[in-house]
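Trainee: coords below, sequence missing:
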């Protein structure tokens with residue numbers, strides 16, 4: 001039977017996902033077959049597997065840290081919020097239904113057999129499973145029928161490491177209060193505490209650590225420092241969406257829709273030294289960027305309405321008249337058309353006028369497109385010429401199909417990984433491009449082509465841009481995972497964690 005260890009947190013965004021990834025990397029470096037597991041994830045960032053199934057992006061990231069391909073067994077339940085009170089329920093990679101939160105709370109215990117089936121498949125194939133909790137185990141209003149924190153720990157008999165975030169302050173209260181709110185049986189599962197995101201001299205913490213250990217009778221097994229690794233965050237709680245990045249000569253503005261999804265599309269742009277990438281929420285902050293990106297969204301109609309009513313649409317159109325290029329991805333691509341029709345009530349029903357920059361309309365359907373794709377850009381002209389025939393690799397995940405209503409040229413020539421079928425995707429015009437492909441910026445040749453386009457718009461040659469980080473996404477990821485593992489080996493008692501997994505502590 002596979003050894004297992006579970007990381008729970010005192011709150012959301014305490015750093016559980018990264019610490020799981022770090023442990024996954026360490027165990028893989030030590031020669032073990034290791035896999036991540038999270039029974040239930042709530043996130044708008046998802047990943048499409050090679051067989052066309054959907055799981056949380058965080059578990060895909062953790063799988064890559066293990067050096068393996070992601071599977072839906074690593075995240076059997078994915079909740080994708082569609083409103084403030086409801087979510088799309090994705091079970092083992094496929095849409096089950098949409099459900100209000102209260103209804104799901106009563107229903108979720110029915111999914112335990114599927115959770116356990118996925119877990120058992122993993123424990124048959126791997127030596128170690130690193131499990132991630134969600135939120136906090138001390139959310140006492142949600143403890144009934146818990147399937148993701150202590151309820152899951154009991155189901156799979158996993159020891160727990162509890163993580164607190166010192167960067168937000170009050171870490172001793174976080175850890176002590178969480179332990180104190182748990183019943184004795186659950187407290188006994190916590191075998192170690194980790195203080196995460198520490199900056200400064202650890203000796204200042206030592207008196208507090210000793211007092212905490214005395215009061216809860218649980219050892220602190222690590223004080224991890226705040227580290228700037230560039231690894232995908234779990235969801236839109238991520239602070240990276242609030243940060244105005246870089247001072248490079250190329251200004252890229254990403255519209256931060258209320259339901260923004262798969263913002264991981266832009267991570268490879270964020271780490272380019274010549275790019276100043278920022279997420280924009282207000283019309284007055286848009287300005288005249290070199291490129292404005294309309295990203296994916298879980299609720300295209302609601303976000304288009306917000307985009308329009310907030311004045312952002314008018315601000316973007318003014319910027320376009322001054323030379324800003326427009327790039328739409330997935331839901332952002334759908335918005336660029338003339339009309340969006342939701343007769344089936346997939347989102348909120350009805351129809352809505354699009355932005356009108358591409359001659360097409362989108363009809364929402366209940367069938368969800370999920371596929372990985374490879375291919376290349378077609379022959380483009382004018383502003384976009386440098387993108388011609390650049391390689392593309394990524395994935396599609398969307399509800400709805402777009403059809404042209406006038407003369408337009410397709411953007412991409414693609415092959416679906418599952419079916420090997422070829423097809424056209426997207427559209428382009430003088431200063432506007434749209435596509436359904438997520439991850440389109442990941443390919444080095446496509447990024448190089450895009451930077452050539454943007455440099456030319458500034459009257460520069462692309463050779464004038466700093467491109468020190470123009471390495472493959474896989475190589476870049478591996479560098480970041482190794483940095484994370486090195487940090488954790490230095491600041492976490494890994495020997496103690498092995499002892500905990502083996503039941504010797």
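Mentor: Perfect, I can see it now. Keep in mind that this is a model prediction, so the values were computed, not measured.

Trainee: Could you measure from the closest residue to residue 431 other than its chain neighbours over to residue 268?
Mentor: Take residue 431 and drop its neighbours on the chain: the residue closest to it by CB to CB, 6 or more residues apart in numbering is residue 325, 5.1 Å away. (Each C-beta comes from the backbone N, C-alpha and C, glycine too.) Distance, residue 325 to residue 268, using CB to CB, to the nearest Å: 18 Å.

Trainee: Over to residue 499?
Mentor: 39 Å.

Trainee: These two - which one has more neighbours?
Mentor: Between residue 499 and residue 268, residue 268 has the larger neighbour count (other CB atoms under 10 Å), namely 24 against 15.

Trainee: Just confirm that one is within a helix.
Mentor: Yes: looking at residue 268 with DSSP: H, G, I helix; E, B strand; the rest coil, it is inside a helix.

Trainee: show me the contacts for the residue nearest to residue 187 when sequence neighbours are not counted.
Mentor: Among residues not flanking residue 187 along the chain, residue 179 sits closest, at 5.8 Å (CB to CB, 6+ apart). For residue 179, the contacting residues are 162, 187, 190, 216, 218, by CB atoms under 8 Å, 6 or more residues apart in numbering.

Trainee: In this protein, which residue sits furthest out from the middle?
Mentor: Centroid-distance maximum for the chain: residue 214 at 38.0 Å, with CA atoms, centre = their mean.

Trainee: Can you verify that one is assigned to a helix?
Mentor: Yes: according to three-state DSSP, residue 214 belongs to a helix.

Trainee: can you tell me how far it sits from residue 334?
Mentor: Counting by CB to CB, the gap from residue 214 to residue 334 is 58 Å.

Trainee: Just after the helix or strand hosting residue 17, pick out the following helix or strand.
Mentor: According to DSSP states H and E, residue 17 maps onto helix 16-29. Sequence order places strand 34-37 as the next helix or strand after helix 16-29, per DSSP H and E.

Trainee: mind listing what that following strand pairs with, with the direction of each?
Mentor: strand 128-132 (parallel) (DSSP bridges).

Trainee: Give the rounded mean pLDDT of the strand it pairs with.
Mentor: Averaged across strand 128-132, pLDDT comes to 98.

Trainee: With stretch 358-369 instead?
Mentor: For stretch 358-369, mean pLDDT rounds to 91.

Trainee: Helices of the stretch 101-250 of the chain, start to end?
Mentor: 101-107, 112-125, 150-156, 171-181, 184-187, 206-216 (DSSP state H, counting those that start in this stretch).

Trainee: Can I get those helices in JSON lines including distance to residue 57 and mean pLDDT?
Mentor: Shown next, in JSON lines, are the helices of the stretch 101-250 of the chain (distance: least, CB to CB, whole Å; pLDDT from 0 to 100):
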{"stretch": "helix 101-107", "distance to residue 57": "21", "mean pLDDT": "89"}
{"stretch": "helix 112-125", "distance to residue 57": "17", "mean pLDDT": "97"}
{"stretch": "helix 150-156", "distance to residue 57": "20", "mean pLDDT": "97"}
{"stretch": "helix 171-181", "distance to residue 57": "26", "mean pLDDT": "96"}
{"stretch": "helix 184-187", "distance to residue 57": "29", "mean pLDDT": "96"}
{"stretch": "helix 206-216", "distance to residue 57": "33", "mean pLDDT": "95"}
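
Trainee: so can I have JSON lines of these showing distance to residue 490?
Mentor: What follows is the helices of the stretch 101-250 of the chain, written out as JSON lines (distance: least, CB to CB, whole Å):
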{"stretch": "helix 101-107", "distance to residue 490": "41"}
{"stretch": "helix 112-125", "distance to residue 490": "29"}
{"stretch": "helix 150-156", "distance to residue 490": "27"}
{"stretch": "helix 171-181", "distance to residue 490": "19"}
{"stretch": "helix 184-187", "distance to residue 490": "29"}
{"stretch": "helix 206-216", "distance to residue 490": "17"}
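
Trainee: shaky segments in the stretch 401-505 of the chain?
Mentor: Applying pLDDT under 70 to the stretch 401-505 of the chain flags the ranges 466-471.

Trainee: Beyond the longest strand seen in the chain, next helix or strand please.
Mentor: Determined from DSSP state E, the single longest strand within the chain is strand 360-377. As assigned by DSSP H and E, the chain's next helix or strand after strand 360-377 is strand 391-404.

Trainee: quick one: that next one to chain centroid distance?
Mentor: Averaging C-alpha positions (CA atoms, centre = their mean, to the nearest Å) puts strand 391-404 18 Å from its chain's average.

Trainee: could you point out which element follows it?
Mentor: With DSSP H and E, the next secondary element past strand 391-404 is strand 412-416.

Trainee: by contact count, what packs against that next one?
Mentor: strand 360-377, strand 422-425 (3 or more CB pairs under 8 Å, 6 or more residues apart in numbering; DSSP states H and E).

Trainee: Just the angle for that strand relative to strand 391-404, thanks.
Mentor: Here the directions of strand 412-416 and strand 391-404 differ by 100 degrees (axes from the mean of the first three to the mean of the last three CA atoms, to 10 degrees).

Trainee: list the buried ones in strand 412-416?
Mentor: By 16 or more other CB atoms under 10 Å, the buried positions in strand 412-416 come out as 412-414, 416.

Trainee: can you list contacts of that strand?
Mentor: Contact with strand 412-416 is made by 371-378, 392, 421-426, 435, 437, as judged by CB under 8 Å, 6+ apart.

Trainee: Go again with 6 Å.
Mentor: By CB atoms under 6 Å, 6 or more residues apart in numbering, the surrounding residues in contact with strand 412-416 are 371, 373-378, 392, 422-423, 425-426.

Trainee: what is the orientation angle of the longest strand of the chain with strand 391-404?
Mentor: Using the same axes, to 10 degrees: strand 360-377 against strand 391-404 is 160 degrees.

Trainee: quick one: buried residues of strand 360-377?
Mentor: Applying 16+ other CB under 10 Å to strand 360-377 flags 360-364, 368-373, 375-377 as buried.

Trainee: Please apply the same query to stretch 382-397.
Mentor: Buried, per 16+ other CB under 10 Å, within stretch 382-397: 383-384, 386-387, 390, 392-397.

Trainee: Could you do stretch 12-30 as well?
Mentor: So for stretch 12-30, counting by 16+ other CB under 10 Å, buried means 13-28.

Trainee: Single out whichever of those residues has the smallest pLDDT.
Mentor: Lowest pLDDT within those is found at residue 13 (85).

Trainee: That residue and residue 46, how far apart?
Mentor: Distance, residue 13 to residue 46, by CB to CB: 18 Å.

Trainee: which helices and strands does the biggest helix by length in the chain pack with?
Mentor: The residue-count maximum for a helix in the chain (DSSP state H) belongs to helix 473-491. Helix 473-491 sits against helix 16-29, strand 220-225, with contacts defined as 3 or more CB pairs under 6 Å, 6 or more residues apart in numbering; DSSP states H and E.

Trainee: Just the residues contacting stretch 348-365, thanks.
Mentor: With contacts defined as CB under 6 Å, 6+ apart, stretch 348-365 is touched by 301, 334-342, 346, 399-402, 404-406, 408, 427, 432, 434.

Trainee: can you pick the most crowded of the contacts of residue 179?
Mentor: residue 162 (30 neighbours).

Trainee: what separates that residue from residue 179, distance-wise?
Mentor: 7 Å.

Trainee: ok, so of the contacts of residue 179, who is nearest residue 4?
Mentor: When the contacts of residue 179 are compared for distance to residue 4 (CB to CB), residue 190 wins out at 14.6 Å.

Trainee: now, among the buried residues of stretch 12-30, which is nearest to residue 320?
Mentor: residue 13 (35.3 Å).

Trainee: quick one: residue 290 and residue 255, what's the gap?
Mentor: 15 Å.
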